[in-house]
Every structure is written in C-alpha cells, then in structure tokens.
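> give me a model of this one.
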Amino acid sequence: MSLKKDFLALTGQHPVLEPVFRKAVQAAPVMGHPLPYSEFRYPLSGNRYLLVGDAAGVVNPLTGEGVGNALHTGLLAAGHIAECSSAGDYRADRNKLYDRLVKKRISGGLTLGKRMQKLASHEKTVNLLFHVAASFPSLKRWMKGMIRRL
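Model (predicted):
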C-alpha cells in the first residue's frame, strides 16, 4: 500500500473530491510523518519545560485522533504551571508530578487503543468477536460503548 499514491488517486478520481481538486496545482511534494504515539518511555517534562499534545505523544494509536488528548494535556500543564508559579519552583523534580498526572489520566485510553490496534490487525479474530457479540446483547452494548469512546 502506498498512501501517497492512494491520496493522489483519491483526489483525482473520487466523485466528490475530484471536482474540488480538478484545478488544484500541487505546490509541494506529498509528505507525511508517523503519528506521535508515546508509550511514555521518555519524560514529558524537565527543568522549566512540559510537553503537551503531539510533543507528548498523546495520539490514539487506533484512531489517530489526538486533539482531545492534546487539549487535556494543555489543561493539565496549565494547572501544573499555576502551581509551580505559586511555589516559584519549575525544577525537573517538581515537574515529574505533571508526568505522573498525564500518565494517570491519559495512558489508559492510549493503552486500550494500542491493544485494539493489535487486535484489529487480525481479521479472523475481529470477525469472530463481532459475530459472538451479536449473539449477546450485553456484550454488544459494551463493544459499542468502547468503540464510541475511541
């Protein structure tokens, strides 16, 4: 699979997109970058700095969505900065509290996304899971809820 080729084909052939891009002139090469997914192997802070959003690697690995987590880390950082300001202390040791708070609040969803991503790569397993879920209303509701939360 080539995402670059697929993108160019889609914008040139899709019935909705083709008219939009028909007169477009490509100004630069099509480029991409891996989504910034973190497994929290590296610190999110240090002496006088905090990482938020993409810099903190809080993109959901299953959906590629990161805006919600970016906003969440921004709010957590703002609260932490306010506390640091009150104490007049922006040292790395104090900022480790921010790392722990982000991991506590966000890592569960990222871990779930990573596990679901691995599961989704096994087509037969996914088909079996959905087939079984269709037979059990409570399991079906639970799965729908999980998917909605992604």
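
> the protein - how does it break down into domains?
The chain breaks down by automatic domain parsing into domains covering 1-32, 45-149.

> now the strands for the chain?
Using DSSP state E, the strands found in the chain span residues 45-46, 49-50.

> helices or strands up against the first one?
Judged by 3 or more C-beta pairs under 8 Å, 6 or more residues apart in numbering; DSSP states H and E, the packing partners of strand 45-46 are helix 92-120. Backbone N, C-alpha and C define where each C-beta goes, glycine included.

> residues touching Asp54, list them.
Pro36, Gly66, Ala70 (C-beta atoms under 8 Å, 6 or more residues apart in numbering).

> and if you look at Asp99?
Applying C-beta under 8 Å, 6+ apart to Asp99 gives the contacts Phe40, Pro43, Leu44, Ser45.

> by neighbours, which of those wins?
Among the contacts of Asp99, the one with the most neighbours (other C-beta atoms under 10 Å) is Leu44, at 25 neighbours.
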